[in-house]
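S.K.: Pasting the sequence and the predicted coordinates here, then a few questions.
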Amino acid sequence: MKYSKTSTYSYNLHIIKTNKFKTVTVKINFKRKLKKEEITLRNMIINMLCDSTLNYPNKRLMEIQTEELYELYYGGTSYLSGKYNIIGFDVTFLNEEYTEKGMLDKSINFLADIIFNPNIERKSNRTKFNEESFQIAFSNLKNNIMASRENLDNYSRIRMLENMEPNSYISYRGFGYLEDLEKINSENLYKYYISILNSDIIDIFVIGNVNERHIKRIIEQNFSKIKTLKKPSESHFVMPKRPRLFPKVIKEKQKINQSKLVIGCKISKMTDFELRYVLNVYSYILGGGPDSKLFKTVREKNSLCYTISSVSQPLNSILTINAGIDKKNFKKTVELIKKEMNDMRKNKFSNDDIIKAKITYVNSLKELEDNPQSLLSLYAGIEYLKSDDLEYRFNKINKVTHEDVVKLANKIHIDTIYLLEGESDEEK
């Protein structure tokens with residue numbers, strides 16, 4: 001595998017040359033500083049551009065074209081990355097070795113058509129997105145936002161974060177807001193689309209067995225419409241406020257059988273090594289699987305929950321603990337979670353726990369090499385977050401010691417306890 005990066009005045013081009021895959025994947029990311037009021041707009045842009053273009057003005061024509069390109073896959077993503085909002089468009093297609101000459105160029109042309117040739121209308125010196133396509137995209141996003149509220153695990157996590165730090169980066173909903181959606185029309189959405197092309201930080205990633213010189217030429221031809229002057233990026237990492245001396249407890253009621261408990265912990269003044277490596281080990285030992293302290297104590301020994309786990313969010317210096325419980329078990333469950341966290345501070349875990357955590361971490365890294373999208377995410381992390389490459393990570397994780405984990409454990413403090421309270425008191 002060979003990696004190269006080329007910088008132009010408008011974008012960075014990242015080429016990961018490898019013969020591991022029969023496909024080629026091309027992804028273009030647009031990144032800008034996160035603003036709450038723009039999250040829904042950016043989700044709408046994804047829906048709008050991926051639904052139709054001027055050349056392919058409906059979904060069926062888009063699908064016919066992908067069939068002609070040997071079942072090319074295309075899609076769009078939008079996600080929050082600390083202080084930034086990133087939207088991306090990508091295509092994955094068979095290498096020309098398995099199709100026919102010229103398919104690389106045609107496939108990248110299709111991606112460029114999605115981004116730069118939107119389905120628009122011009123009337124009376126006004127330009128806007130095609131109204132019919134806009135209404136389809138609008139309806140799809142509205143349904144997605146409403147559906148996200150029905151995912152109780154996701155809803156509970158968001159509500160905890162909104163109570164932890166209201167109106168901060170960490171509290172924003174990545175799928176958008178209905179109240180902001182109602183403010184969007186086909187004309188102001190098009191104006192925002194133009195601002196993306198003119199203002200966002202742009203990175204293009206290519207992975208596959210490709211000729212670098214040819215890729216650079218075809219990218220330059222297809223993405224020449226990007227006129228933005230590339231600017232430096234700030235750090236993505238968010239520093240939360242100091243944790244509360246006494247955790248904030250919030251309870252909300254819903255007509256559901258199982259209650260959802262989410263505990264938000266803030267982590268104070270982590271070193272770079274702790275953030276990138278020690279935190280992974282700590283989280284795995286605490287609640288990373290069936291061998292974890294929380295699973296064994298809260299679920300197996302005391303039968304207080306249906307599920308329980310811990311998840312680290314290093315970008316936001318946060319760790320969350322999530323559990324599905326009966327509401328009558330709330331107090332006892334929280335007490336046991338606090339005890340297990342306190343035991344971690346007191347060095348009450350084994351070297352075997354650390355070894356298992358390291359093995360799990362290494363295996364998860366090795367799995368990244370088997371999927372082109374995962375590899376693209378890896379190199380995006382290197383670009384955006386200054387993450388280490390795989391070999392360096394393998395070496396650094398093995399340097400995590402017992403003392404490192406204990407030291408980090410003493411920096412982790414419960415800040416917010418949220419319960420989405422259901423109706424059931426049944427044992428399980």
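M.R.: Yep, it's here.
S.K.: low pLDDT regions in the protein?
M.R.: Per-residue confidence for the chain (pLDDT under 70) gives these ranges: 230, 424-428.
S.K.: Could you tell me which residues make contact with the most centrally placed residue in it?
M.R.: Compute the mean C-alpha point of the chain, and by C-alpha atoms, centre = their mean the closest residue is Tyr79, 5.1 Å away. Contact analysis of Tyr79 by C-beta atoms under 8 Å, 6 or more residues apart in numbering lists Asn85, Ile86, Gly174. Quick note: C-beta positions are derived from backbone N, CA and C, even for glycine.
S.K.: does the nearest residue to Arg244 once chain neighbours are set aside count as helix, strand or coil?
M.R.: Nearest non-adjacent residue to Arg244, counting by C-beta to C-beta, 6 or more residues apart in numbering: Asp415, 5.3 Å away. At Asp415 the chain is in strand, as set by DSSP: H, G, I helix; E, B strand; the rest coil.
S.K.: Sketch out the helices for the stretch 51-200 of the chain, chain order is fine.
M.R.: With DSSP state H, counting those that start in this stretch as the criterion, the stretch 51-200 of the chain has helices at 59-68, 103-116, 131-150, 152-164, 178-181, 186-199.
S.K.: Looking at these, which is nearest to Leu286?
M.R.: helix 152-164 (17.0 Å; C-beta to C-beta).
S.K.: Go ahead and produce PDB holding the CA coordinates of the closest one.
M.R.: Taking Å, rounded to 0.1, in the frame of the first residue of the first chain, the C-alpha atoms of helix 152-164 are listed here in PDB:
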ATOM      1  CA  LEU A 152     -34.600   5.400  21.800                       C
ATOM      2  CA  ASP A 153     -30.900   4.600  22.200                       C
ATOM      3  CA  ASN A 154     -29.900   7.500  20.000                       C
ATOM      4  CA  TYR A 155     -32.500   9.800  21.400                       C
ATOM      5  CA  SER A 156     -31.400   9.100  25.000                       C
ATOM      6  CA  ARG A 157     -27.800   9.800  24.100                       C
ATOM      7  CA  ILE A 158     -28.600  13.000  22.500                       C
ATOM      8  CA  ARG A 159     -30.800  14.200  25.400                       C
ATOM      9  CA  MET A 160     -28.000  13.400  27.800                       C
ATOM     10  CA  LEU A 161     -25.600  15.500  25.800                       C
ATOM     11  CA  GLU A 162     -28.100  18.400  25.400                       C
ATOM     12  CA  ASN A 163     -28.400  18.400  29.200                       C
ATOM     13  CA  MET A 164     -24.700  18.100  29.800                       C
END
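S.K.: List the contacts of it.
M.R.: 148-149, 170-171, 173, 240, 248, 250, 252, 254, 256, 260-264, 266, 318, 320, 322, 415-416, 418, 420.
S.K.: Would you show me how to pick out the buried ones of those in PyMOL?
M.R.: Written as a PyMOL command, the selection of buried residues from these, which uses 16 or more other C-beta atoms under 10 Å, is:
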select buried, resi 170+171+173+240+260+261+262+263+264+266+318+320+322+415+416+418+420
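S.K.: re the thing from before, could the contacts of Tyr79 go into JSON lines alongside distance to Ile45 and neighbour count?
M.R.: As requested, the contacts of Tyr79 are exported to JSON lines (distance: C-beta to C-beta, whole Å; neighbours: other C-beta atoms under 10 Å):
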{"residue": "Asn85", "distance to Ile45": "11", "neighbour count": "25"}
{"residue": "Ile86", "distance to Ile45": "12", "neighbour count": "21"}
{"residue": "Gly174", "distance to Ile45": "14", "neighbour count": "16"}
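S.K.: Do you have the strands of the chain handy? List them.
M.R.: All strands of the chain, identified by DSSP state E, fall at 2-7, 11-17, 23-33, 73-81, 84-94, 120-123, 126-129, 201-208, 248-253, 259-267, 305-313, 318-325, 412-421.
S.K.: Quick one: list the elements packing against the second one.
M.R.: Spelled out, it's strand 11-17. strand 2-7, strand 201-208, helix 212-222, helix 372-385 (3 or more C-beta pairs under 8 Å, 6 or more residues apart in numbering; DSSP states H and E).
S.K.: looking at these, which is closest to Asn302?
M.R.: Using C-beta to C-beta, the nearest of those to Asn302 is helix 372-385, at 36.8 Å.
S.K.: So which other helices or strands are in contact with the closest one?
M.R.: strand 11-17, strand 23-33, strand 84-94, strand 201-208, helix 351-368.
S.K.: That helix vs strand 84-94, what angle?
M.R.: 150 degrees (axes from the mean of the first three to the mean of the last three C-alpha atoms, to 10 degrees).
S.K.: Would you mark the buried spots in helix 372-385?
M.R.: Buried residues in helix 372-385 (16+ other C-beta under 10 Å): Pro372, Leu375, Leu376, Leu378, Tyr379, Ala380, Ile382, Glu383, Tyr384, Leu385.
S.K.: And the first one, how far from Met1?
M.R.: Read that as Pro372. For Pro372, the distance to Met1 equals 11 Å [C-beta to C-beta, to the nearest Å].
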